[in-house]
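Engineer: Whatever this is, show me its structure:
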Amino acid sequence: QVQLVESGGGLVQAGGSLRLSCAASGRTFSSYVMGWFRQGPGKERVLVADISWTGDSAYYADSVKGRFTISRDNAKNTVYLQMNSLKPEDTAEYYCAARPGYTTPYDYWGQGTQVTVSS
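Structural biologist: Okay, here's the model as predicted:
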């Protein structure tokens, strides 16, 4: 079992920045690919970014490429999402998730943290 707890959400003006954190407990954090998802009002949950076990490889959705950066600190069992140049359309509930590998589903989810970007 892996328990995930997100933090760092809040209200920010367009153009601003936020850093989300996701702290993991339980089994070995470095054994999991970590992802950040978001679900906007009336929308489906979508993958925003993910990062490999060691942090040497990352994926970004086109909508956030160049503005968001995912990183992880395996010593602290934490994954981060640095969000810059925020836009109102980034408003969503943000979730972190964990999966053992790229061909397996995300098995573990956090409870989410709300990000609201005002125009």
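Engineer: When you work out contacts or count neighbours from here on, use the C-alpha atoms and nothing else.
Structural biologist: OK.
Engineer: Find the residue at the geometric middle of this structure.
Structural biologist: Closest residue to the average C-alpha location of the chain: W36 at 2.6 Å, with C-alpha atoms, centre = their mean.
Engineer: which regions of the protein lie under the pLDDT threshold?
Structural biologist: Low-confidence segments of the chain (pLDDT under 70): 27.
Engineer: Let me see the ranges of the strands in it.
Structural biologist: Along the chain, counting by DSSP state E, strands occupy 2-7, 10-13, 18-26, 33-39, 46-51, 58-60, 68-73, 78-83, 92-99, 108-109, 113-118.
Engineer: quick one: the shortest one to chain centroid distance?
Structural biologist: Same thing as strand 108-109. Chain-centre distance of strand 108-109: 12 Å, with C-alpha atoms, centre = their mean, to the nearest Å.
Engineer: What are the contacting residues of that strand?
Structural biologist: Strand 108-109 is contacted from outside by Q1, V2, Q3, L4, Y95, C96, A97, A98, R99, using C-alpha atoms under 8 Å, 6 or more residues apart in numbering.
Engineer: ok, that strand: who's next to it in the sheet?
Structural biologist: Note on strand 108-109: by DSSP bridges, its sheet partners are strand 92-99 (antiparallel).
Engineer: Could you export the partner strand as CSV, CA atoms only?
Structural biologist: Output of strand 92-99 as CSV, limited to C-alpha atoms (Å, rounded to 0.1, in the frame of the first residue of the first chain):
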residue,chain,number,x,y,z
ALA,A,92,-8.9,22.1,-11.4
GLU,A,93,-8.5,19.6,-8.6
TYR,A,94,-5.0,18.2,-8.8
TYR,A,95,-4.3,14.6,-7.9
CYS,A,96,-1.0,12.7,-7.5
ALA,A,97,-1.0,9.0,-8.3
ALA,A,98,1.5,6.1,-8.3
ARG,A,99,1.9,3.0,-10.5
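Engineer: Going forward, count from 81.
Structural biologist: Taking 81 as the first residue, the last one we looked at is strand 172-179.
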